[in-house]
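Q: 3D model of this:
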Amino acid sequence: MIPRVTEAHGFEVRVRGRIGPAALRSVEPWTVQGIDGSTSILMPYADRGALNGLLYRLDDFGLELVEVSPLAPEVARSLTSAR
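A: Numbers count the residues shown, from 1 in each chain. Below you'll find the predicted structure:
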């Protein structure tokens, strides 16, 4: 279940394992990080439509979804200010 977010700060989507080059291109412009044998995709200020689109793309690549969680406001700000 996707958690309810009262203020749209975005999402972190975690999948099992590393994602390949084609899948990486499909998640642009989001930030991708490898953590402990999984991959996190950070989506600052993304809405549910963007999240659903990403989840469909990840499913198309056969990637196993581990977790979807809301981004903390400070994380979203740091990601957008770094661009």
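Q: What's opposite Phe11 in the beta bridge?
A: Beta-bridge partners for Phe11, by DSSP bridges, are Met43, Pro70.
Q: list the helices and strands the worst-scoring helix or strand of the chain on mean pLDDT packs on?
A: Using mean pLDDT, DSSP states H and E, helix 73-81 stands out as the lowest-scoring helix or strand of the chain, at a mean of 84. Other elements packing on helix 73-81 under the criterion 3 or more CB pairs under 8 Å, 6 or more residues apart in numbering; DSSP states H and E are strand 38-44. No exception for glycine: its C-beta is placed from N, CA and C like everyone else's.
Q: What average pLDDT does stretch 34-54 get?
A: In this model, stretch 34-54 carries a mean pLDDT of 91.
Q: and Leu42, how many residues sit next to it?
A: Counted with other CB atoms under 10 Å, residues neighbouring Leu42 total 20.
Q: shouldn't it be in contact with Leu79?
A: Yes: using CB atoms under 8 Å, Leu42 makes contact with Leu79 at a distance of 5.8 Å.
Q: Pull up the overlap in contacts between those two.
A: Shared contacts of Leu42 and Leu79, defined by CB atoms under 8 Å, 6 or more residues apart in numbering, comprise Thr31, Leu71.
Q: what about Leu51, helix or strand, and which?
A: helix 48-60 (DSSP states H and E).
Q: so what does that helix touch, helix or strand wise?
A: strand 10-16, helix 21-26, strand 38-44, strand 65-70.
Q: 6 Å instead?
A: Using 3 or more CB pairs under 6 Å, 6 or more residues apart in numbering; DSSP states H and E, no helix or strand is in contact with helix 48-60.
Q: Return the set of buried residues in it.
A: Applying a neighbour-count criterion of 16 or more other CB atoms under 10 Å, one finds Leu51, Leu54, Leu55, Leu58 buried in helix 48-60.
Q: No further queries at this time; thank you.
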